[in-house]
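A.B. asks: Sequence and predicted model, in that order:
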Amino acid sequence: MRIDKMLANLGYGSRKEVKQLLKSGAVKVDDVVVKDAKQHVDPESETVTLNGEVIEYKEFIYLMMNKPPGVLSATEDNNAETVIDLLELEDQVYEPFPVGRLDKDTEGLLLITNDGQLAHRLLSPKKHVPKTYFAVIDQEVTEEDVKAFAQGVVLDDGYKTKPGDLKILKSGIRSDIELTITEGKFHQVKRMFQAVGKRVVYLQRISMGPLALDETLELGEYRELTDEEVELLKDYQVK
Ligand code: URA
């Protein structure tokens, strides 16, 4: 990759600004000053420094966020804050986007990446990637509901869902449940409960395929996936 492209991609300025930076002699590749913007570097095998500081280059970024309520799962919006607004600038320069959507009021696991291929495969309806949600329901959830969900329920638009695996964690005037679904229809969890006459009052995604929400992340916090988590996600695709 050209050194000017690499530096510009990393947010060190426009191609023109980066050219000036190179001209100033601030950039070295393997300890040799590089002034030519056209010079190619291999970020994997060569060490690039700017004023003596090593520059890390990676093509893809994979972030796990504990999405807070009140924030949109989108890259930009004229009115509301988006999950991308919550990222540090050094992560925003990779131009990542959320993989799928959580409702504005839904919390929990959100994968944010610039790896379009991975995102596409994770979202493909053909892959049936399971997503598990924790929810609080406004009334008693019964074994009847468990059976109904196992068969698939008919949503308000007439669509019959694929089977959902419903577990009752606590049943009472309000119930705690876990629901695993393999589709991603608009407002799916809320509409599945609506189909059995109940209302979701709190919704949190706790896992997506092999990826589980890191419970040490506070709402709105995020971290890079570990290499192992990235591998798990990629392997998951081919199964
Ligand atoms: N189902 C919903 O109803 N909302 C979400 O945010 C995710 C799944």
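C.D. replies: That came through, no problem. Everything numeric here is computed off the predicted structure, so don't read it as measured data.

A.B. asks: low-confidence ranges in this protein?
C.D. replies: By pLDDT under 70, the weakly predicted segments of the chain are 237-239.

A.B. asks: now do 90
C.D. replies: 1, 5-6, 8-15, 43-44, 56-59, 89-90, 92-94, 124-128, 235-239 (pLDDT under 90).

A.B. asks: quick one, domains of it?
C.D. replies: 3-54, 62-125+211-235, 131-208 (automatic domain parsing).

A.B. asks: tell me how far the second one is from the chain's mean position?
C.D. replies: By that I understand domain 62-125+211-235. 2 Å (C-alpha atoms, centre = their mean, to the nearest Å).

A.B. asks: again with the shortest one
C.D. replies: Once both centres are worked out by C-alpha atoms, centre = their mean, domain 3-54 turns out to sit 30 Å from its chain's centre.

A.B. asks: The domains of the chain into TSV, with extra columns for mean neighbour count?
C.D. replies: Using the backbone N, CA and C atoms, a C-beta is placed for each residue, glycine as well. Formatted as TSV, the domains of the chain follow (neighbours: other C-beta atoms under 10 Å):
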stretch	mean neighbour count
domain 3-54	15
domain 62-125+211-235	16
domain 131-208	16
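
A.B. asks: need those in TSV with distance to the ligand, can you?
C.D. replies: Listed next are the domains of the chain as TSV, based on distance: least, C-beta to the nearest ligand atom, whole Å:
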stretch	distance to the ligand
domain 3-54	31
domain 62-125+211-235	3
domain 131-208	3
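
A.B. asks: what pairs with the closest residue in space to Phe193 that isn't next to it in sequence across the strands?
C.D. replies: Take Phe193 and drop its neighbours on the chain: the residue closest to it by C-beta to C-beta, 6 or more residues apart in numbering is Val200, 5.3 Å away. When assigned by DSSP bridges, Val200 has beta-bridge partners Ile137.

A.B. asks: need the strands for this protein, in chain order.
C.D. replies: Using DSSP state E, the strands of the chain run over 27-29, 32-33, 48-50, 53-54, 62-67, 97-98, 107-113, 131-137, 165-170, 175-181, 200-208, 211-212, 222-224.
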